[in-house]
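# Sequence first, then the predicted structure:
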Amino acid sequence: MDAVQAAATASDTSSPMDGLRAVASSRMLVDSLELRQVEQALRDGASERRSG
């Protein structure tokens with residue numbers, strides 16, 4: 001499920017189970033994106049305090 005589809009499904013309350021799955025999918029995507037940004041910031045010399 002891509003990010004746009006996950007957001008649309010997560011906001012649609014007509015099927016709560018599908019919506020909850022989409023929320024979980026979105027959360028995993030956001031966590032992955034956050035990790036990528038933190039890793040790059042650390043590679044670029046940012047301290048953990050500044051990037052976290």
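Nice, thanks for sending it over.
# Show me what the longest helix belonging to the chain is packed against.
Assignment by DSSP state H gives helix 16-43 as the longest helix of the chain. Helix 16-43 sits against helix 3-11, helix 48-51, with contacts defined as 3 or more C-beta pairs under 8 Å, 6 or more residues apart in numbering; DSSP states H and E. (Glycine included, C-beta is placed from N, CA and C.)
# And those, which one averages the lowest pLDDT?
When those are compared by mean pLDDT, helix 48-51 comes last with a mean of 58.
# Find the nearest non-adjacent residue to Gly19, please.
Ala10 (5.4 Å; C-beta to C-beta, 6 or more residues apart in numbering).
# ok, that neighbour to Pro16 distance?
As for Ala10, its distance to Pro16 is 11 Å (criterion: C-beta to C-beta, to the nearest Å).
# secondary structure element for the residue located most distally from the centre of the chain?
When distances to the mean C-alpha position of the chain are computed (C-alpha atoms, centre = their mean), the maximum falls on Gly45, with 23.8 Å. Using DSSP states H and E, Gly45 sits in no helix or strand.
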